[in-house]
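In: Generate coordinates for the sequence data below:
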Amino acid sequence: MLTERKGYAIVNGRLAQFRAPGHDPGWDDAWRSLGDETLRHILRPTRRLGSLGRCFLKWLPKDGMVLEAGCGTGIWVHRLRGRGYACVGVDRSLSALAASLRVVRDLPVTGGDVLALPFADGALGGYISLGVIEHFQEGPSRVLREAVRVLRPGGVAIVSVPYHSPIRRTAIAPVSQAVLEDRGYAFYQYYFTFEDLCGELAAAGLEPLPETWYYELGKGLTDERWPWLAPLFRWSPLRLAYDAAFRRFSPVAARSGHMVTAIARKRG
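Out: Coordinates of the predicted model:
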């Protein structure tokens, strides 16, 4: 599948999305486009934890440090702290962190690389990665091994990735990677099935738990199937309401989720 903005190919046995030249501004530019007013809204005092709130509350330990690796604006670091968690964030985008720190001066975030985290072995009780590991073309194994290193035995990892859902499998017809690269398209991200994600977690030394969370269900429908509906789901209250209404119906969530989440513990 090839459009003027993006294309898809099978890379290393996994569905991969490529971005057309000029349509991938980079993370620093993307975060920089958020104004202070937007950040004040994102980082406002609230107890809401979004679509993964129940997952966070069920699985994240309160007796140890929790890291969000690839925290961006630090929204979940901020909100989890408000729920009593000792949470810190690491991100490579210094501009995003600097902007957030102008709004919340004591936000515990720092610049860093998810491949070389600034924590000792076994220092963390929890690890959150939401939409990060899919952006490594060589695959997620190095990122996940680093997560295992910093987690204590029994520590919990919550990892979300774009979902290779049944809807995407029927809506997308991949083309050759060579065709995309010849036209200047660059790798952007992978899509995973839940089984694929669990396999990567297990290979890194984590024990996946038999619980699946799907979210951004509306975006999963609109991205490839009904893009004309996408503006509706950009309105956060509708997006969250749709998620809340249909997540309980697992066949609907399993077909239409945009993101899939796995929970795993460090062995030992």
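
In: Kindly provide the distance from the closest residue to Leu206 other than its chain neighbours to Asp63.
Out: Closest residue to Leu206 apart from its sequence neighbours, by Cβ to Cβ, 6 or more residues apart in numbering: Ala264 at 3.8 Å. The C-beta positions use only the backbone N, C-alpha and C, and glycine is treated the same way. If you measure Ala264 against Asp63 using Cβ to Cβ, to the nearest Å, the figure is 18 Å.

In: neighbour count winner among the two?
Out: Ala264 (28 against 7; other Cβ atoms under 10 Å).

In: Could you find the residue nearest the spatial middle of the chain?
Out: Residue closest to the average C-alpha location in the chain (Cα atoms, centre = their mean): Gly131, at 1.8 Å.

In: Apart from its chain neighbours, what residue comes closest to that one?
Out: Ser160 (5.9 Å).

In: residues of the helix or strand where the one you found lies that come out buried?
Out: Applying DSSP states H and E as the criterion places Ser160 in strand 151-162. Buried residues in strand 151-162, counting neighbours by 16 or more other Cβ atoms under 10 Å, are found at Leu151, Arg152, Gly155, Val156, Ala157, Ile158, Val159, Ser160, Val161, Pro162.

In: In space, what's closest to Gly139 - neighbours in sequence excluded?
Out: Leaving aside its sequence neighbours, Gly139 is closest to Asn12 (6.4 Å, by Cβ to Cβ, 6+ apart).

In: how close does the residue of the chain positioned farthest from its centre sit to Leu52?
Out: Centroid-distance maximum for the chain: Asp182 at 29.0 Å, with Cα atoms, centre = their mean. Asp182 sits 39 Å away from Leu52, taking Cβ to Cβ as the criterion.

In: Next, count neighbours for the nearest residue to Arg92 once chain neighbours are set aside.
Out: Leaving out its chain neighbours, the residue that sits closest to Arg92 by Cβ to Cβ, 6+ apart is Asp113, at 6.0 Å. A count of nearby residues for Asp113, using other Cβ under 10 Å, gives 14.

In: ok so, going back, parallel or antiparallel, list what pairs with the strand holding Ser160.
Out: Strand 151-162 has the following sheet partners, assigned by DSSP bridges: strand 124-130 (parallel), strand 259-266 (antiparallel).

In: What's the mean pLDDT across the longest one?
Out: Throughout strand 259-266, pLDDT has a mean value of 96.

In: And stretch 204-220, by the same measure?
Out: 85.

In: Please identify the buried residues of the helix or strand containing Arg102?
Out: For Arg102, the element it lies in under DSSP H and E is helix 94-103. For helix 94-103, a neighbour-count test (16+ other Cβ under 10 Å) marks Ser95, Ala96, Leu97, Ala99, Ser100, Leu101, Val103 as buried.
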